[in-house]
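Student: any chance you can model this:
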Amino acid sequence: MFATIKTTTCLVACSVLLGWAAAAEPVCIGTESKILVDDELIASRSGVVRRTHPCRKFDEPILLPETPWELAAQSSEGKDIDQRLYLYGTVLRDAATGDLRMWYNRLAYVLYATSKDGIHWQRPDLGLHAFQGSMHNNILNVFMHSPSIVRDEKAANPAERYRMLGSKKGYSTAHSPDGLRWTMYPNNPVIPGGDTCTLAQDPKTGEFLAFHKRTHQHRGHGRRLVYLATSRDMQHWSEPELVMAPDEIDDARTQSEGGLWSQFYNMSAFPYGGQWLGLATHFRYTGRPAKMQGPSQSADDGPIDVQLVHSRDGRVWHRCDDRSPVIPNGPHAYDAGCILGVANGPVVVDGELWIYYTAITTPHGGALPEKKISIAAGRWRIDGFVSLDAGSEGGTVETVPFDSTGSTLSINAEAARGGVRVEVLDVEGRTLPGYSSEECAELHGDEVCQIVRWTNRDALPHDRPIRLRFHLRDASLYSFQVR
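Tutor: Now for the predicted structure:
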């Protein structure tokens with residue numbers, strides 16, 4: 001069974017002391033970059049504020065409905081009135097070609113597209129399913145709502161290299177050798193319910209994690225909530241457990257905007273930097289639409305944006321200090337109303353983190369043809385979701401003791417108007433000779449990889465456990481890495 005849901009919030013003061021024992025057991029941090037979304041590796045911090053960062057957006061959506069199977073309805077004047085493409089799905093980079101692969105959907109059709117630059121997408125003729133008598137389309141031979149895919153590098157059977165979770169008479173699963181030709185597993189549906197879902201895989205255990213939506217009474221109101229079930233074979237799943245639900249702080253934000261209460265429409269979760277990050281779609285429910293105008297219109301209205309959440313194991317989830325949206329509505333019209341679903345993980349494009357998502361022009365209860373749904377992309381610097389920020393008066397961040405597995409220390413920081421220095425300490429917090437902050441060459445750049453050096457030292461000591469103390473001045477620290 002999973003632990004009880006936690007929604008830990010810390011309203012940041014100018015100084016936070018987390019406390020640590022002088023003889024604390026050193027941890028192994030590995031060689032991955034260490035993001036600063038939580039205090040797991042931080043012993044103390046002073047004069048810094050943890051801040052989440054919204055994505056940067058393109059002026060236009062990435063993918064709009066164009067083909068007959070994507071444009072299912074027209075007006076009597078021949079105008080396309082049903083413009084809806086959804087990305088609850090997945091974008092992966094092909095290791096062999098370097099191209100991006102996208103699985104998206106329109107109604108029950110699972111569709112496929114490819115791109116070399118992440119912006120311009122092609123719909124290949126797959127010849128897998130007939131539409132209006134023609135096999136010339138990009139429709140796959142599997143039919144699900146909310147198709148979410150992982151490439152399983154641990155699969156013993158090559159026919160199961162790709163795994164899919166989607167909504168079909170409940171939550172159902174399928175497998176494929178290439179991501180194109182799919183076979184349904186025999187034991188479907190595997191999880192009761194049905195609607196939006198995302199699939200993830202634990203890189204340490206190979207276990208599959210199904211984050212999916214359920215709706216029931218919670219804290220006095222009917223709410224959409226995020227549940228998690230796990231499996232080792234995609235066919236036999238654990239009993240679903242609640243992992244993400246809105247709390248009083250969420251409700252207060254919704255009510256401050258004139259809404260009624262909060263819901264979480266869905267959540268994408270992915271391993272990142274030795275831990276897990278999640279993108280939860282925050283539905284600020286306002287009630288029924290002022291006017292019901294058509295059969296495809298929802299009776300539940302309100303805007304939806306995306307908050308960052310985090311976990312150390314993918315099972316127990318926590319809220320960020322700063323709950324401001326990382327994918328906000330607007331400023332462009334294409335996502336001014338809702339971000340309805342988010343791909344189940346980011347991809348690196350041109351040295352940035354890109355996440356694709358479903359963008360809607362209207363709130364959830366909007367009506368066609370004003371309601372247009374497309375696929376858009378948000379961009380961050382590498383490790384750029386969260387930073388620890390210090391002003392002109394300066395601040396410090398000190399790590400817990402760790403065993404250094406490398407010699408080169410690099411930081412991801414924005415310090416164009418200030419600077420960052422690092423000193424190296426022993427486990428008791430004493431500065432090691434040659435590693436004081438005064439001997440550290442101050443870093444002033446705005447770069448994702450800046451090498452830290454001292455007057456007579458280019459490498460970290462690796463014959464003993466150490467701590468790091470970061471001194472920030474008008475700077476934002478996103479992550480650090482020992483390589």
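
Student: tally of neighbours for the nearest residue to Arg232 once chain neighbours are set aside?
Tutor: Spatial nearest neighbour of Arg232, chain neighbours left out: Glu207 (5.7 Å); criterion: Cβ to Cβ, 6 or more residues apart in numbering. Yep, even glycine has a C-beta here, placed from its N, CA and C like the rest. If you count neighbours by other Cβ atoms under 10 Å, Glu207 ends up with 17.

Student: how far away is Glu207 from Pro331?
Tutor: Glu207 sits at a distance of 40 Å from Pro331 (criterion: Cβ to Cβ, to the nearest Å).

Student: low-confidence ranges, the chain, go.
Tutor: Scanning the chain for pLDDT under 70 picks out 1-24, 73-80.

Student: if we use 50, what do you get?
Tutor: Where the chain drops to pLDDT under 50, the residues are 1-23.

Student: tell me where it has helices.
Tutor: Per DSSP state H, the chain carries helices over the ranges 248-256.

Student: can you tell me how far the residue nearest to Arg232 is from Val349?
Tutor: Glu207 is 28 Å from Val349, by Cβ to Cβ.

Student: so what's the residue nearest to Tyr272 when sequence neighbours are not counted up against?
Tutor: Leaving out its chain neighbours, the residue that sits closest to Tyr272 by Cβ to Cβ, 6+ apart is Ile35, at 7.0 Å. Residues in contact with Ile35 (Cβ atoms under 8 Å, 6 or more residues apart in numbering) are 272-273, 275, 383, 385-386, 478-479.

Student: if we go to 7 Å?
Tutor: Ile35 makes contacts with 273, 383, 386, 479, as judged by Cβ atoms under 7 Å, 6 or more residues apart in numbering.

Student: can you check Asp152 too?
Tutor: 160-161, 163, 201.

Student: what about it, distance to Ser231?
Tutor: Distance from Asp152 to Ser231, counting by Cβ to Cβ: 12 Å.

Student: so which of the contacts of Ile35 comes closest to Ala174?
Tutor: Taking Cβ to Cβ as the measure, Ala174 lies nearest Gly273 of the contacts of Ile35, at 30.1 Å.

Student: the closest one contacts Leu36, correct?
Tutor: No: using Cβ atoms under 7 Å as the test, Gly273 is too far from Leu36 to be in contact (9.6 Å).

Student: neighbour count winner among those two?
Tutor: It is Leu36, of Gly273 and Leu36, that has more neighbours when counted by other Cβ under 10 Å, with 25 against 17.

Student: ignoring the adjacent residues along the chain, who's closest to the more buried one?
Tutor: Leu388 is the one closest to Leu36 (Cβ to Cβ, 6+ apart), at 5.2 Å.

Student: so what's the one you found bridging to?
Tutor: Arg50, Leu477 (DSSP bridges).

Student: same check on Leu242?
Tutor: Applying DSSP bridges, one finds that Leu242 bridges with Tyr227.

Student: kindly report the same for Gly378.
Tutor: Under the criterion used (DSSP bridges), Gly378 bridges to Lys57, Ile355.

Student: I'd like to know how many residues surround it.
Tutor: For Gly378, the count of nearby residues is 25 (other Cβ under 10 Å).

Student: that one reaches Lys57, doesn't it?
Tutor: Yes: at 6.0 Å, Gly378 and Lys57 qualify as touching, with contact defined as Cβ under 7 Å.

Student: contacts for stretch 240-254 next, please.
Tutor: By Cβ under 7 Å, 6+ apart, the residues outside stretch 240-254 that reach it are 1-2, 5, 7, 9, 191, 218, 223, 225-229, 260-264, 267, 280, 282, 284-285, 309, 317, 323.

Student: 6 Å instead, please
Tutor: The list of residues contacting stretch 240-254 from outside it, by Cβ atoms under 6 Å, 6 or more residues apart in numbering, reads 2, 5, 7, 218, 225-229, 261-262, 264, 267, 280, 284, 317.

Student: angles on the backbone of the residue nearest to Arg232, please.
Tutor: phi -70, psi 150 (degrees, to the nearest 10).

Student: against Asn266, how distant is it?
Tutor: Remark: distance between Glu207 and Asn266 (Cβ to Cβ) = 20 Å.

Student: same check, this time on Arg473
Tutor: Distance from Arg473 to Asn266, by Cβ to Cβ: 40 Å.

Student: which one of the two has more residues nearby?
Tutor: Asn266 (28 against 19).

Student: nearest spatial neighbour of the more buried one, skipping sequence neighbours?
Tutor: Distances taken as Cβ to Cβ, 6+ apart place Thr196 nearest to Asn266, at 4.1 Å, with adjacent residues excluded.

Student: do the same with Asp383
Tutor: Ser479 is the one closest to Asp383 (Cβ to Cβ, 6+ apart), at 4.0 Å.

Student: and that neighbour, what does it touch?
Tutor: For Ser479, the contact set (Cβ under 6 Å, 6+ apart) comprises 33-35, 383, 412.

Student: how does it look with 8 Å?
Tutor: 33-36, 273, 383, 411-412.

Student: which pair in those residues has the greatest spatial separation?
Tutor: Top of the distance list for these (Cβ to Cβ): Gly273 and Ile411, 13.8 Å.

Student: before we move on, back to that, which single one of the contacts of Asp152 is nearest to Cys449?
Tutor: Nearest member of the contacts of Asp152 to Cys449, counting by Cβ to Cβ, is Gln201, at 27.6 Å.

Student: tell me the spacing between that closest one and Thr230.
Tutor: Using Cβ to Cβ, we find Gln201 at a distance of 10 Å from Thr230.

Student: equivalent analysis for Pro433, please.
Tutor: 49 Å.

Student: tell me which of these two has more neighbours.
Tutor: Thr230 (20 against 10).

Student: right, and the more buried one touches Glu207 too?
Tutor: Yes: between Thr230 and Glu207 there is a contact under Cβ atoms under 8 Å: 5.4 Å.

Student: pull the number of nearby residues for Ala290.
Tutor: 9.

Student: show me what contacts it?
Tutor: Ala290 neighbours (Cβ under 8 Å, 6+ apart): Asp301.

Student: hmm, 10 Å instead?
Tutor: Ala290 is in contact with 301, 365, counting by Cβ atoms under 10 Å, 6 or more residues apart in numbering.

Student: for it, what are phi and psi?
Tutor: phi -60, psi -30.
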